[in-house]
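*Asks:* task: produce atomic coordinates for the following.
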Amino acid sequence: MSETTPPQKPEKTVYERDKTAKERQPQKEKRGDVVKPKPKIKKAFVPKKKTFSTDKPMEHRVRSIRMTSMESAKMIWETLVDYQNELAQLETDDPDQHYHDWEKVEKLFIRLAKKYSACTSKALGGSIGWVYKDIEIAPEITDEELINTVMSVERFKLPEPIKTKLGFHIVMVCESQVHVPREKPPEVDRPPLF
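*Replies:* Residues are numbered from 1 along each chain as shown. Coordinates of the predicted model:
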């Protein structure tokens with residue numbers, strides 16, 4: 001090649017457009033009508049409510065707020081029920097939303113118990129612990145009427161305030177399970193610490 005002649009262009013370039021591809025045709029619109037694409041219908045997951053029934057004795061993890069008057073107990077109970085209903089009305093795609101809402105209601109219950117409860121379980125957020133039919137009753141926290149009511153309460157429901165000889169109780173069943181009797185640890189003689 002000489003220095004005076006410019007380089008030649010090749011006859012066929014590598015990056016030439018494929019002429020066999022079909023051109024995109026614009027959609028024809030009817031007069032006044034706009035063609036909208038049809039949305040794909042998604043099947044929503046709907047959890048089925050399974051009922052658990054057994055002949056075995058059950059135990060429940062319970063929280064309680066004790067009040068001195070029925071008016072104050074009703075007011076706190078209505079606050080909890082209204083909050084639970086507000087959470088239930090929010091629309092989400094989460095199938096476990098019901099459980100998350102119940103956890104939020106329990107957290108509110110704990111805050112209210114710590115602030116307003118007249119029971120010694122106030123410091124624990126109203127936690128009475130696991131309750132079952134033949135439990136030893138701590139007279140400053142529970143009584144027989146309260147235990148019987150707790151055993152009949154359905155989970156995820158807040159029953160109306162219960163009147164006992166201790167006061168007016170707002171009860172929340174947080175968890176339920178089959179009762180397994182636990183053996184008490186053997187008593188060990190220990191020397192005094194001081």
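*Asks:* and residue 136, what are its phi and psi?
*Replies:* Dihedral pair for residue 136: phi -70, psi 130, per degrees, to the nearest 10.
*Asks:* could you check how far it is from residue 117?
*Replies:* Using C-beta to C-beta, to the nearest Å, residue 136 is found at 22 Å from residue 117. C-betas here are computed from N, CA, C, even on glycine.
*Asks:* equivalent analysis for residue 110, please.
*Replies:* In terms of C-beta to C-beta, residue 110 sits 10 Å off from residue 117.
*Asks:* where do the strands sit along this structure?
*Replies:* 58-67, 127-132, 162-163, 168-178 (DSSP state E).
*Asks:* quickly compare these and say which is most buried.
*Replies:* Stretch with highest mean neighbour count among the strands of the chain: strand 58-67 (a mean of 22; mean count of other C-beta atoms under 10 Å).
*Asks:* mind checking the pLDDT average for that one?
*Replies:* The average of the pLDDT scores along strand 58-67 is 89.
*Asks:* just stretch 86-99 next, same as before
*Replies:* 82.
*Asks:* what's the end-to-end length of it?
*Replies:* Separation of the first and last residues of stretch 86-99 by C-alpha to C-alpha, to the nearest Å is 14 Å.
*Asks:* what about it, distance to the chain center?
*Replies:* Relative to its chain's centre, stretch 86-99 lies at 8 Å (C-alpha atoms, centre = their mean, to the nearest Å).
*Asks:* in the chain, where is pLDDT below threshold?
*Replies:* The chain contains residues with pLDDT under 70 at 1-2, 10, 12-19, 21, 25-35, 43-55, 182-194.
*Asks:* now do the helices in it.
*Replies:* Here the chain has its helices, by DSSP state H, at 70-89, 97-116, 144-152.
*Asks:* give me the angle between the last one and strand 168-178.
*Replies:* The reference is to helix 144-152. Angle, helix 144-152 to strand 168-178, by axes from the mean of the first three to the mean of the last three C-alpha atoms, to 10 degrees: 50 degrees.
*Asks:* in helix 144-152, what's buried?
*Replies:* Neighbour counts over helix 144-152 (16 or more other C-beta atoms under 10 Å) mark 146-147, 150-151 as buried.
*Asks:* now those as TSV including distance to residue 172?
*Replies:* As requested, those are exported to TSV (distance: C-beta to C-beta, whole Å):
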residue	distance to residue 172
146	12
147	15
150	10
151	14
